[in-house]
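1. prediction below, plus the sequence it came from.
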Amino acid sequence: MLLDHANFSRTDVLLRYAPMVQGATPVRHNQQVEVDLPLFLAIATVLVLCFTAAAHAEDKCISIRFAPGTSSATVNGVASSMDEGSSSACYTLATRAGQTARITIVKKARNDDTAFTITDVVDNQDDYAFKTQAKTYTIAVYLTFARQQSRPFTMQVSVK
């Protein structure tokens, strides 16, 4: 049997072909793993960019703040379809534990498909109430159906 020794280390040959060679014993300690360095660096770079983009996504969100003495606010924005690289309108809402938050999209027509997602809480809703934790929630507002022109929306937000 001919082996291409340029592509195998001595350990590789012993581990892979020991059963074929009489008297050879596989050596399983002190094994080294060879890594394709350019591939490893490319994968590491992509992962870092993904985590950085996710971290900065919250930086682009608009904070929802209530006027002094009030527990609700009306938010106006522009919603777009999530296809072809569009991004959603993004908002943050800071709450204390044990409050009740309610978010409602004010429908302008019966077939209005404007919806929101509250990260780690609920997806694709137009009216939702929930008990809060002491945290800042991220709310993405978008058009559910693909390939639509962006359009304005109104969202009611209350925390009591």
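-> Yep, that arrived.

2. for the rest of this, base every contact and every neighbour count on C-alpha atoms.
-> OK.

3. now the helices for the chain?
-> Remark: helices assigned in the chain by DSSP state H are 10-17, 37-57.

4. in stretch 88-105, what's buried?
-> Burial within stretch 88-105, assessed by neighbour count using 16 or more other Cα atoms under 10 Å, is assigned to 88, 89, 90, 91, 92, 93, 95, 101, 102, 103, 104, 105.

5. can you give the domain ranges for this protein?
-> Here the domain parsing of the chain from automatic domain parsing is 1-34, 61-159.

6. any low-confidence regions in the protein?
-> Along the chain, segments meeting pLDDT under 70 span 1-35, 39-59, 84-85.

7. ok, back up a step: the buried residues of stretch 88-105 in strands, which ones?
-> Using DSSP state E, 89, 90, 91, 92, 93, 95, 101, 102, 103, 104, 105 are the members of the buried residues of stretch 88-105 that sit in strands.

8. looks like residue 126 contacts residue 116 (just checking).
-> Yes. Residue 126 lies in contact with residue 116 (Cα atoms under 8 Å); the separation is 6.2 Å.

9. who has more neighbours, these two?
-> The neighbour count for residue 126 versus residue 116, taken as other Cα atoms under 10 Å, is higher for residue 116 (27 against 18).

10. chain neighbours aside, what residue packs nearest to the more buried one?
-> residue 141 (4.3 Å; Cα to Cα, 6 or more residues apart in numbering).

11. residues touching that neighbour, list them.
-> For residue 141, the contact set (Cα atoms under 8 Å, 6 or more residues apart in numbering) comprises 79, 88, 89, 90, 114, 115, 116, 117.
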